[in-house]
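Visitor: Using only what follows, build the 3D model:
(one chain, ligands or ions: 1)
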Amino acid sequence: MKLWKMNGAGNAFAIFDARSTAFTPTVEQIRKIAADLKADQVIAMERDATKDVFMRIWNSDGSEVSACGNATRCVGLLMLDETGKDRVTIQTEADMLRASRAEGGLITVDMGSPQMGWEDIPLSEKMDVRGVDLKIGPIDAPILSRPAVVSMGNPHAVFFVKDVDAYDIPAIGPLVEWHPLFPEGTNVGFAQVIDRETIRLRVWERAAGLTKACGTGACAALVCAARAGLTGRKARMILDGGDLFIDWRETDDHVYMTGPVELEFEAEI
Ligand SMILES: N[C@@H](CCC[C@H](N)C(=O)O)C(=O)O
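Guide: The predicted model follows:
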């Protein structure tokens, strides 16, 4: 079986080619692979009846999830190289996604439409998704409150802050990640709007922790910012591991994510 170690803007993946050999790891095996290879997620490329490939995703804690934007760009590059096509289709548990090449060796993925309903996120009760009733810290002087929420095939809560570097994300992230308002947990973004076309973002990922970049997190932060009128529908997202360019197009309501992909090594195992 072929294994690729890749990253998208520093978000690290161990990608297994499970198209001709079955790959059915236990939770413990996923945890060990992620720890040994320093991967935020473990990915299996499987055969799909109608799409170029099916992408299965596990977080580093061993839980299976339905979306991972940066891994979709990595798998997209592998499939573009392998097939020679201009555009490839990637099926995930969440959606059918399309990947293509962009200028400067970057890869673009059409991430589909954001889901805005409170049941879609999901939340445990009906709330205004533009700012949910959640406070972190002392009741009379919360450190953070009212994150915006959205689903990009996975749940995201986004706090808009003045200075992302002023927050102890490893301490705050887990308090939001498993807050009872999120029955399936949530990814937690800390977004600082620099100007209408630029956002500095750090993401505490559900079941993976603080990563150098989160693709769906970047899409979620841009959607929440644009929905609140803080930015336009296109922005450069500055993450710890590099930049992602997000474009939430009015024409089809889809979110397009463009960014770098790096192959660290490949091996036959
Ligand atoms: N790294 C990702 C997101 C991976 C899944 C996430 N931690 C979750 O549990 O939903 C990305 O690039 O989107």
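
Visitor: And residue 195, how far from residue 220?
Guide: According to Cβ to Cβ, to the nearest Å, residue 195 and residue 220 sit 19 Å apart. The C-beta positions use only the backbone N, C-alpha and C, and glycine is treated the same way.

Visitor: Confidence-wise, which helix or strand of this structure is lowest on average?
Guide: strand 135-136 (a mean of 90; mean pLDDT, DSSP states H and E).

Visitor: which helices and strands sit right next to that strand?
Guide: Secondary-structure packing of strand 135-136 (3 or more Cβ pairs under 8 Å, 6 or more residues apart in numbering; DSSP states H and E): strand 144-145, helix 169-177.

Visitor: Give me the sheet partners of it and which way each runs.
Guide: The strands beside strand 135-136 in its sheet (DSSP bridges) come out as strand 144-145 (antiparallel).

Visitor: Output the next helix or strand after the partner strand in PDB, but only the C-alpha positions, please.
Guide: Next helix or strand after strand 144-145 toward the C-terminus (DSSP states H and E): strand 148-151. The C-alpha trace of strand 148-151 is given here as PDB (Å, rounded to 0.1, in the frame of the first residue of the first chain):
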ATOM      1  CA  ALA A 148     -20.900  32.800  15.000                       C
ATOM      2  CA  VAL A 149     -21.500  29.200  13.900                       C
ATOM      3  CA  VAL A 150     -21.700  27.500  10.500                       C
ATOM      4  CA  SER A 151     -21.200  24.000   9.000                       C
END
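
Visitor: just checking, what packs against strand 148-151?
Guide: Using 3+ Cβ pairs under 8 Å, 6+ apart: strand 148-151 touches strand 155-160, helix 215-227.

Visitor: Next, see if the shortest one gets close to the ligand.
Guide: No: with Cβ under 6 Å from any ligand atom as the threshold, strand 155-160 lies outside contact range of the ligand, at a closest distance of 6.7 Å.

Visitor: Tell me what angle that strand forms with helix 169-177.
Guide: 130 degrees (axes from the mean of the first three to the mean of the last three Cα atoms, to 10 degrees).

Visitor: Could I get the average pLDDT for strand 155-160?
Guide: Averaged over strand 155-160, pLDDT sits at 98.

Visitor: starting at the chain centroid, how far to it?
Guide: The chain centroid and the centroid of strand 155-160 are separated by 12 Å, computed with Cα atoms, centre = their mean, to the nearest Å.

Visitor: Paired strands for that strand, with orientation please.
Guide: Here strand 155-160 is paired, per DSSP bridges, with strand 148-151 (antiparallel), strand 187-195 (parallel).

Visitor: Just the buried residues of the last one, please?
Guide: Within strand 187-195, the residues scored as buried using 16 or more other Cβ atoms under 10 Å are 187, 188, 189, 190, 191, 192, 193.

Visitor: For it, give me every contacting residue.
Guide: 147, 154-164, 167, 169, 172-173, 176-177, 199-206, 214, 216-217, 220-221, 224-225, 230-231, 238 (Cβ atoms under 8 Å, 6 or more residues apart in numbering).

Visitor: Filter those residues down to just the buried residues.
Guide: Buried among the contacts of strand 187-195 by 16+ other Cβ under 10 Å: 147, 154-161, 164, 167, 169, 172-173, 176-177, 199-206, 214, 216-217, 220-221, 224-225, 230-231, 238.

Visitor: Would you map the helices across the stretch 1-150 of the chain?
Guide: In the stretch 1-150 of the chain, the segments counted as helices under DSSP state H, counting those that start in this stretch are 27-37, 69-83.

Visitor: Give me the average confidence score over the shortest one.
Guide: Right, helix 27-37. Here the average pLDDT along helix 27-37 is 98.
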